[in-house]
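A.B. asks: pasting the sequence and the predicted model now:
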Amino acid sequence: MSPLNTSKWSRREILKQSGMLSALGAVSAASPLPASAAGLADQPKRPMLVKDGDIHDNLFTRIGVRPIVNGHGTYTILSGSCSLPEVKQAMFDASFYFVQMDEMMDGIGAQLAQLTGAEWGITTTGCAAAICLATVACVAGTDIERCQALPYIKTRDQVIIPKHSRNAYDIGVRMSGVEVIEVDSAAEFRAKLSERTAMVYILSGPESVTGPMSIATLCAIAKEKNVPVFVDAAAEEPVKPNIHLAAGASLVAYSGGKCMRGPQSSGMLIGKKDLCKAAYYQAAPHHCYGRALKCSKEEAMGLLAAVRQWYKRDHAAEQAQWMAWMQHIADRLKGLPSLTVEVEPAGTDLSNRCPNLHLRWDANALKITGTELVARLDAGSPRIVLTGGQGHRPEMMQSSISVTSYMMQPGDERIIADALYEAFSKPGSYENPVVPAGPPASVQGKWGVSIQYLRGVGEQHFVLEQKGSEVTGDHHGEIYNAKFNGSIHGDRIELRSVMQVSGNEIRSTFKGTIQGSRMAGTVNMGEYGEANWSAVRA
């Protein structure tokens, strides 16, 4: 039984239903019956939502999609979070009305200001959209001619980003065509500020909290030149008072579909009123650069409902519940040979703040590696996705995997615990991969490479060096370059590279077969999918 008192437990019981449509009522939205006819005379006379289906039979399974028990966290590829009942209700209610969108956003802006303590706020279609809108707001303001000239004509056409803040999401800055200026010290930052500087972009994280490149330090320097500072706090908790605005930031953006559990494709931009309004000016329903970043009335009101609930939710009770779930899984797995179980409490970092469970084991003892466990859980029913999954046979039998409690739903702890116990206690049979026999084929030299993408052909060059079965070399792409490392066994080759691109990286694993002066196979590029490749020795 929970040590929390009765009143907190009652609230936790409500929180445990978060993300479950059944918490909103049991009358179908399609029902024509009045509330009294449905036995709900004391309830408001309006249609309510009802959950249709379960993990095995639902609107997704009916189109051939397998839902996931999420022990990994708020990843967009896993559809973010489960929205709160209040969010679902707000989106449902909003769908019945027509409103003038500018008036709606003014109403929301005042509400977000009151809730967060900022001067103003707007809703956006995700944090990435907020980055783009903030950038163009700082570039063009609400000067209609400059807005219409984007992205081709800009007076302020540079955005400064500290090197430690470069990331895949700063595409929101780059998509407007500004020049990104990287800096690595406060002195360099001061020197690079100029009349061309439209904005400073900082990714919130450990490197931006303290030290010579902290948000507060950079904000103080930027203020000397009257340059606005934008802080990307996408996965953070929007604590009040806002720590980034207090440090001097002009704008701060959050994802609505992460810890706030609003609509997945929603975000919040808060800060100075004129900049927030300029960012909205750039977006739909206006015919400016951000027209494509349309935030519907349903998403906007859903996000507002999520923010309201954030400042009402019992976060201590949530953390206690998540901790109990991690402990349940840990207790279920006690006594398994070689298995080390560590329950890690939530840290102080505001991003993805929750307890985690870390599992480490010797696959020689438990007969299943981390990567084999990942595949088994993914193929199971229900389908389960956890964090990480390291270890492969035969050279890396020390294995690990983690459970992230952040987006788990009530009952998921039992599903995950039982699936892990079953996999560890009855792993089945796994064999070492077959290594082709014979001496390694020769690949030393230069190769012309064609990659057949889903649409388009990429022409690349490999320069390979070989010592027995070990292969290294240079990966020359069409635009970017990288270093190779890999191996050859018989006529089979595997090459791995990491291309550093603007704010991001492309990880590629080439696998193929060698036939004299030709090679061919497939390349796996992670989230970017697979493609076929072929190569001819120069």
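C.D. replies: Good, I have the coordinates.
A.B. asks: when you work out contacts or count neighbours from here on, use the C-alpha atoms and nothing else.
C.D. replies: OK.
A.B. asks: list the buried ones in stretch 69-76?
C.D. replies: Neighbour-count burial for stretch 69-76, with 16 or more other CA atoms under 10 Å as criterion, is recorded at 69-74.
A.B. asks: hey, C-alpha coordinates of that stretch in PDB?
C.D. replies: Extracted C-alpha coordinates of stretch 69-76, given in PDB (Å, rounded to 0.1, in the frame of the first residue of the first chain):
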ATOM      1  CA  VAL A  69       4.100  -0.600 -24.300                       C
ATOM      2  CA  ASN A  70       6.500   2.400 -23.900                       C
ATOM      3  CA  GLY A  71       9.400   1.900 -21.400                       C
ATOM      4  CA  HIS A  72      11.600   4.100 -23.500                       C
ATOM      5  CA  GLY A  73      10.300   7.700 -23.000                       C
ATOM      6  CA  THR A  74       8.900  10.700 -24.900                       C
ATOM      7  CA  TYR A  75      10.400  10.000 -28.300                       C
ATOM      8  CA  THR A  76       8.600  11.500 -31.400                       C
END
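A.B. asks: how about residues contacting it?
C.D. replies: With contacts defined as CA atoms under 8 Å, 6 or more residues apart in numbering, stretch 69-76 is touched by 78, 80-81, 257-259, 264, 352, 382-387, 403-408, 412.
A.B. asks: if you look at the residues you listed, which of them are in strands?
C.D. replies: Secondary structure of those is defined by DSSP state E; positions in strands are 383-385, 387, 403-404.
A.B. asks: make TSV from the buried residues of stretch 69-76 and add pLDDT, distance to Cys295 and secondary structure to it.
C.D. replies: Output for the buried residues of stretch 69-76, formatted as TSV (pLDDT from 0 to 100; distance: CA to CA, whole Å; DSSP: H, G, I helix; E, B strand; the rest coil):
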residue	pLDDT	distance to Cys295	secondary structure
Val69	97	29	strand
Asn70	97	27	strand
Gly71	97	29	coil
His72	96	27	coil
Gly73	94	24	coil
Thr74	93	21	coil
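A.B. asks: and these, which is closest to Arg507?
C.D. replies: His72 (21.0 Å; CA to CA).
A.B. asks: give me the phi and psi angles of Ser405.
C.D. replies: For Ser405, the backbone dihedrals are phi -80, psi -10 (criterion: degrees, to the nearest 10).
A.B. asks: then the one 5 residues further on?
C.D. replies: For Pro410, the backbone dihedrals (degrees, to the nearest 10) come out as phi -50, psi 130.
A.B. asks: and for it, the neighbour number?
C.D. replies: Pro410 has 18 neighbouring residues, counting by other CA atoms under 10 Å.
A.B. asks: and Gly529, by the same measure?
C.D. replies: 11.
A.B. asks: equivalent analysis for the one 3 residues further on, please.
C.D. replies: The criterion is other CA under 10 Å. On that basis, Asn532 has 18 neighbouring residues.
A.B. asks: list the contacts for it?
C.D. replies: Asn532 touches 451-453, 520-523, counting by CA under 8 Å, 6+ apart.
A.B. asks: secondary structure of it: a strand, I assume?
C.D. replies: Yes: if the criterion is DSSP: H, G, I helix; E, B strand; the rest coil, then Asn532 is within a strand.
A.B. asks: give me the nearest residue to it, chain neighbours excluded.
C.D. replies: The shortest distance from Asn532 to any residue other than its chain neighbours is 4.4 Å, reached at Thr522 (CA to CA, 6 or more residues apart in numbering).
A.B. asks: what's the answer for Pro212, then?
C.D. replies: Residue nearest to Pro212 in three dimensions, not counting chain neighbours: Ala186, with 6.2 Å by CA to CA, 6+ apart.
A.B. asks: and which of the ones in strands among the contacts of stretch 69-76 is nearest Pro337?
C.D. replies: The shortest approach to Pro337 among those belongs to Val403, at 19.4 Å (CA to CA).
A.B. asks: beta partners of the closest one?
C.D. replies: Legend: beta-bridge partners of Val403 under DSSP bridges are Leu357.
A.B. asks: isn't it up against Gly389?
C.D. replies: No: under the criterion of CA atoms under 8 Å, Val403 makes no contact with Gly389, lying 10.2 Å away.
A.B. asks: which one's more surrounded, those two?
C.D. replies: Comparing Val403 with Gly389 by other CA under 10 Å, the one with more neighbours is Val403, at 24 against 20.
A.B. asks: which residues does that one contact?
C.D. replies: Applying CA under 8 Å, 6+ apart, the residues near Val403 are 71-72, 326, 356-358, 386-387.
A.B. asks: just the contacts of Asn532 now: which is nearest Glu342?
C.D. replies: Looking at those and their distance to Glu342, the nearest is Val523, at 36.1 Å (CA to CA).
A.B. asks: from the contact counts, what lies against the helix or strand encompassing that closest one?
C.D. replies: When elements are assigned from DSSP states H and E, Val523 belongs to strand 518-524. The helices and strands touching strand 518-524, judged by 3 or more CA pairs under 8 Å, 6 or more residues apart in numbering; DSSP states H and E, are strand 504-515, strand 530-537.
A.B. asks: got the domain ranges for this protein?
C.D. replies: Taking automatic domain parsing as the criterion, the chain consists of the domains 6-80, 88-310, 318-425, 445-537.
A.B. asks: deepest-packed of the ones you listed, please.
C.D. replies: domain 88-310 (a mean of 21; mean count of other CA atoms under 10 Å).
A.B. asks: could you tell me the angle between the helix or strand Glu465 falls within and strand 530-537?
C.D. replies: Glu465 is located in strand 457-467, with elements delineated by DSSP H and E. When axes from the mean of the first three to the mean of the last three CA atoms, to 10 degrees is applied, the directions of strand 457-467 and strand 530-537 differ by 60 degrees.
A.B. asks: how much space between the spatially most central residue of the chain and Thr404?
C.D. replies: Centroid-nearest residue in the chain, with CA atoms, centre = their mean: Tyr75, separated by 3.7 Å. Using CA to CA, to the nearest Å, one gets 12 Å for the distance from Tyr75 to Thr404.
A.B. asks: repeat for Ser194
C.D. replies: The span separating Ser194 from Thr404 equals 44 Å under the rule CA to CA.
A.B. asks: repeat that for Ile181.
C.D. replies: Going from Ile181 to Thr404 by CA to CA gives 36 Å.
A.B. asks: element containing His475, please.
C.D. replies: Per DSSP H and E: His475 is located in strand 470-476.
A.B. asks: that strand: how far from the chain's middle?
C.D. replies: Taking CA atoms, centre = their mean, to the nearest Å, one finds the center of strand 470-476 at 31 Å from the center of the full chain.
A.B. asks: where are the low-confidence patches of the stretch 251-400 of the chain?
C.D. replies: Across the stretch 251-400 of the chain, no stretch falls below the confidence threshold (pLDDT under 70).
A.B. asks: sorry, back to before: can you pick out the most distant pair from the contacts of Asn532?
C.D. replies: When the contacts of Asn532 are compared pair by pair using CA to CA, the maximum separation belongs to Tyr453 and Ala520, at 14.0 Å.
A.B. asks: which residues does Met199 contact?
C.D. replies: When the contact criterion is CA under 8 Å, 6+ apart, the partners of Met199 are 135, 138-139, 158-160, 227-230.
A.B. asks: of those residues, closest to Lys277?
C.D. replies: Distance to Lys277 across the contacts of Met199 (CA to CA) is lowest for Cys138, with 11.1 Å.
A.B. asks: and the closest one, backbone torsions?
C.D. replies: Cys138 adopts backbone torsions of phi -70, psi -30, taken as degrees, to the nearest 10.
A.B. asks: same question, Ser81
C.D. replies: Taking degrees, to the nearest 10 as the convention, Ser81 sits at phi -130, psi 170.
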